[in-house]
Structure formats: C-alpha cells, structure tokens
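Novice: make a model of this:
(one chain, ligands or ions: 2)
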Amino acid sequence: MIRRGDELLIATRNKGKSKEFREAFREIGVTVKDLNEVAGLPDVEETGTTFEENATIKAKAIAALVGMPVLADDSGLCVDALSGAPGVYSARYAGEPSNDAANNEKLLRELDRIGAAAVILPEAGDGFATLSAARFACSLVLYDPSDESRLAAEGDVEGRILNRPRGSGGFGYDPLFWIPSLGRSMAELALEEKNAISHRGQALRKLLTMLEGKA
Ligand SMILES: O=c1[nH]c(=O)c2ncn([C@@H]3O[C@H](COP(=O)(O)OP(=O)(O)OP(=O)(O)O)[C@@H](O)[C@H]3O)c2[nH]1
Ligand SMILES: [Mg+2]
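Specialist: Ligands and ions are numbered 1, 2, ... in the order given. Below is the predicted model of the structure:
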C-alpha cells in the first residue's frame, strides 16, 4: 500500500508533525505532503473522544475528497496529576486557534493551581524540577478509500513534566517533557533521536510492519 517512490498525503496541518513524518518516510523513499501543501482541502473537526477515533475521522474525511490513501495522526499529552488532561484537547488546551506557547503556559498554571509537588532534578542543572508523570500518545490511521481498508497503530512514551521549558527542538509541549532515561527534554533531541523514541515514531514503525505483512 505504501511503496518506495510513492507520495503520501498526511491529513495534518501541524508542521511539527509533518517534519517528523518527512524525516521518517525519507528513510524508506516515500515523499510526504501535508494539508498545507494541497489547495482546497478543509479543516476536519475532531469530534471523537479518543485519539484513534479522531485519527480515523481525519483520515476518512480527507481520503474521501482526494480518492487516495491518507495517513492521519491524532496525538497528545496525558498528565497523571491532571487526570490525563489535556489528552485529546492537547492542541486546543488554551483555546483556538491552537498556540503552543499558550498551551505550555496553561499546563504549568494548572499544575501550579493543584499544587503539584516539585521534585528537584539535580542532573538537569539549576532550578529544574519535575511536577508530574506524563505520557505522549499517538494514534495513526491509514485509510484507503479504494477498498475502504483501515490500518491503525498506536505508540506512547513516558516522561515527566518540567517546571520550566528546556531545549528548542520539536514542537508543542516538547520543551516541558523530560525523559528520565535520557536525562534530556524532548526538545533537546535531534529529529532522528526524537523519532527513535517518540510516540509517533513507535506508532509509525508498527504501522509499517503491519503494511509489510500485508504486501
Ligand atoms: O510536544 C509535543 N510533541 C509531540 O510530539 C506531540 N504530538 C502531539 N502533541 C500535542 O498534541 C497536539 C496534537 O493534536 P492533534 O493531533 O489534533 O494535532 P494538531 O491539531 O496539532 O494538527 P492536526 O494533525 O490535527 O492537523 C499537538 O498540537 C501538540 O499540542 C505533541 N506535543
Ligand atoms: Mg488537530
């Protein structure tokens, strides 16, 4: 369903996501396009209550319009101390249009409001602490309108929320996401390093393995 030399449309307007997909698919010779590069495609409303539901909604809606297989990603950050919030609302946590800086500020405000206990991180240097365990989760859905087939895969990565941002890579909440096993924030990882461990990278590797099995 996806072969070397193919072009694949990803039903996303998030340039951070497309950058990560572009890098991952480049390794297998597949060119990636996102919704910002194709004129006339709508924003799809995310009315689902789970990542998988939303990824399915996005993939099907766009595939119906372009008549080709489409990959969609729905993902987010689930924070233990906030009972799993922001979850499926991660992009719109601080309101719409979505704004990474405002979302990060709201996350720290909410953790402060509930009095989340700060655990000092000596290995991170001056003034850094973590406030809660958290995970990034990603659901990928590849939908092919020619036979109405749907492939779905999930990935997640565990970490802790930092009390202040660290690093300049990645996107979204990456500067606030500390990975204890690496002793770095997600925003301190190079693109390939992030893809090697991230929720999105794991989901994508699972999906590609499923596709190989079908070929
Ligand atoms: O720091 C982060 N590193 C990541 O790797 C990551 N993956 C997801 N997220 C957050 O979760 C929202 C997804 O929401 P989402 O799946 O609806 O995507 P989106 O609305 O940004 O674009 P689209 O794909 O829907 O067009 C994003 O906006 C981010 O806030 C991440 N944050
Ligand atoms: Mg979205």
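
Novice: for the lowest-mean-pLDDT helix or strand in the chain, buried residues please.
Specialist: Using mean pLDDT, DSSP states H and E, the weakest-scoring helix or strand in the chain turns out to be helix 199-214, at a mean of 93. Judged by neighbour count using 16 or more other Cβ atoms under 10 Å, the buried positions of helix 199-214 are H199, R200, G201, Q202, A203, L204, K206, L207, L208. (Each C-beta comes from the backbone N, C-alpha and C, glycine too.)

Novice: what do you get for stretch 8-23?
Specialist: 8-12, 14, 17-23.

Novice: adding distance to ligand 1, write these out as JSON lines.
Specialist: Formatted as JSON lines, the buried residues of stretch 8-23 follow (distance: Cβ to the nearest ligand atom, whole Å):
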{"residue": "L8", "distance to ligand 1": "14"}
{"residue": "L9", "distance to ligand 1": "12"}
{"residue": "I10", "distance to ligand 1": "8"}
{"residue": "A11", "distance to ligand 1": "7"}
{"residue": "T12", "distance to ligand 1": "3"}
{"residue": "N14", "distance to ligand 1": "3"}
{"residue": "K17", "distance to ligand 1": "6"}
{"residue": "S18", "distance to ligand 1": "9"}
{"residue": "K19", "distance to ligand 1": "10"}
{"residue": "E20", "distance to ligand 1": "7"}
{"residue": "F21", "distance to ligand 1": "10"}
{"residue": "R22", "distance to ligand 1": "14"}
{"residue": "E23", "distance to ligand 1": "13"}
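
Novice: of those, which pair is most distant in space?
Specialist: Largest separation among those by Cβ to Cβ: A11 and E23, giving 18.3 Å.

Novice: one step back: what subset of the buried residues of helix 199-214 is also close to ligand 1?
Specialist: R200 (Cβ under 6 Å from any ligand atom).

Novice: where do the strands sit along the chain?
Specialist: In the chain, the segments counted as strands under DSSP state E are 7-10, 31-34, 70-79, 119-120, 129-144, 149-162, 177-179, 184-185.

Novice: pLDDT at the residue nearest in space to the middle of the chain, what is it?
Specialist: Residue closest to the average C-alpha location in the chain (Cα atoms, centre = their mean): S75, at 4.3 Å. For S75, the pLDDT comes out at 98.

Novice: what bits of the protein have low per-residue confidence?
Specialist: Low-confidence segments of the chain (pLDDT under 70): 1, 215.

Novice: can you do 80?
Specialist: 1, 214-215 (pLDDT under 80).

Novice: need phi/psi at the residue in it that ligand 1 sits nearest to.
Specialist: Residue nearest to ligand 1 within the chain (Cβ to the nearest ligand atom): G172, separated by 2.5 Å. Dihedral pair for G172: phi 60, psi -130, per degrees, to the nearest 10.

Novice: separation between it and V44?
Specialist: 19 Å (Cβ to Cβ, to the nearest Å).
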